[in-house]
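Novice: Pasting the sequence and the predicted model now:
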Amino acid sequence: MTLPPLDPSTIAIGLAMIVALGIFVWFFVGMQMNLTRGNAALRWLKDGLSLLTEKTSLRWLGSSVIQLTMTSPRAPFKHIDILVMMEPRDVVPLWVLTYRQGRRDTLILRGHLRRAARHEFDIVDRHSWSGKDALAHHTPDAWPRSESGSYTFAAENQSAAGVARELMPLAQRMGGRLVRFSARRTVPNVEIHIVAPWRGNVSSKDAAQVFKDIGEALLPRS
């Protein structure tokens, strides 16, 4: 018995349904992966938050970003935002694209100091997603630049460059790979990006203390 040939439109509809089902399944799987990683990051952050503030507001922005806001933090800050930026695993094309661009699960800390920072500089891993973004859109072209390994240093003057190099080892003690460390007189005065420190051996209390120490070091000297 010979089966009748399939209608091309039927084949197309079937393939479309398979693709749609695959996209839906991957969206669910990717979302669950990010929820798991996000909750791991929050568990890690919990102990360190008490060193920075008494109260924190939290919200999920989609399935790839968690935002924590502290409007009354402890000195030397008067406002802190923390973002847990995860890879967009729920959208396969975007995930592949951003992964190739160097995006990884990253903790972003942005601090507004009680007085403006005394220096302005950028330290960025130029191979990372956030490092590329900083160099393209946030680092002034007029700032002299130098390189060391995968890092690019840019600063407003030699004094600021010296401070940047002095503080970099401190920032690297926060766990994970440092991919951006910026200081500005405008807010946020301090911005630090670290790849998934919750997967390392550094506690969030130690990381929070380092963040405070960096803030103190950037305050103007009396």
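Specialist: Structure's in. What do you need?

Novice: wait, residue 119 sits on residue 158?
Specialist: No: using CB atoms under 8 Å as the test, residue 119 is too far from residue 158 to be in contact (10.6 Å). To be clear about C-beta, it is placed using only N, CA and C from the backbone, and glycine gets the same treatment.

Novice: Neighbour count: those two, which is higher?
Specialist: Taking other CB atoms under 10 Å, residue 119 and residue 158 do not tie; residue 119 has more neighbours (20 against 9).

Novice: need the contact list for the more buried one.
Specialist: Residues near residue 119 by CB atoms under 8 Å, 6 or more residues apart in numbering: 155-156, 159-160, 163-164, 183, 218.

Novice: can you do 7 Å?
Specialist: By CB atoms under 7 Å, 6 or more residues apart in numbering, the contact set of residue 119 is 159-160, 163, 183, 218.

Novice: could you pull out the helices for this structure?
Specialist: Along the chain, the stretches classed as helices by DSSP state H are 8-52, 92-100, 129-137, 158-171, 204-218.

Novice: still on that earlier bit, from the contacts of residue 119, which would you call buried?
Specialist: 160, 163, 183, 218 (16 or more other CB atoms under 10 Å).

Novice: just these now: which is nearest residue 91?
Specialist: Of all the buried ones among the contacts of residue 119, the one with the least separation from residue 91 (CB to CB) is residue 183, at 33.6 Å.

Novice: could you list every residue that touches the nearest residue to that closest one once chain neighbours are set aside?
Specialist: Spatial nearest neighbour of residue 183, excluding adjacent residues (CB to CB, 6 or more residues apart in numbering): residue 117 at 4.8 Å. Contact analysis of residue 117 by CB under 7 Å, 6+ apart lists 183-185, 189-190, 218.

Novice: Swap in 10 Å and give it another go.
Specialist: By CB atoms under 10 Å, 6 or more residues apart in numbering, the residues touching residue 117 are 111, 160, 163, 182-190, 215, 217-220.

Novice: repeat for residue 41
Specialist: 66, 68, 82, 84-86, 105-107, 196-199, 204.

Novice: Farthest-apart pair in these, please.
Specialist: The farthest-apart pair in the contacts of residue 41, when distances are taken by CB to CB, is 68 and 199, at 18.4 Å.

Novice: the more surrounded of those two?
Specialist: Between residue 68 and residue 199, counted using other CB under 10 Å, the more crowded position is residue 68 (20 against 13).

Novice: Excluding chain neighbours, what is closest to that one?
Specialist: residue 82 (4.2 Å).
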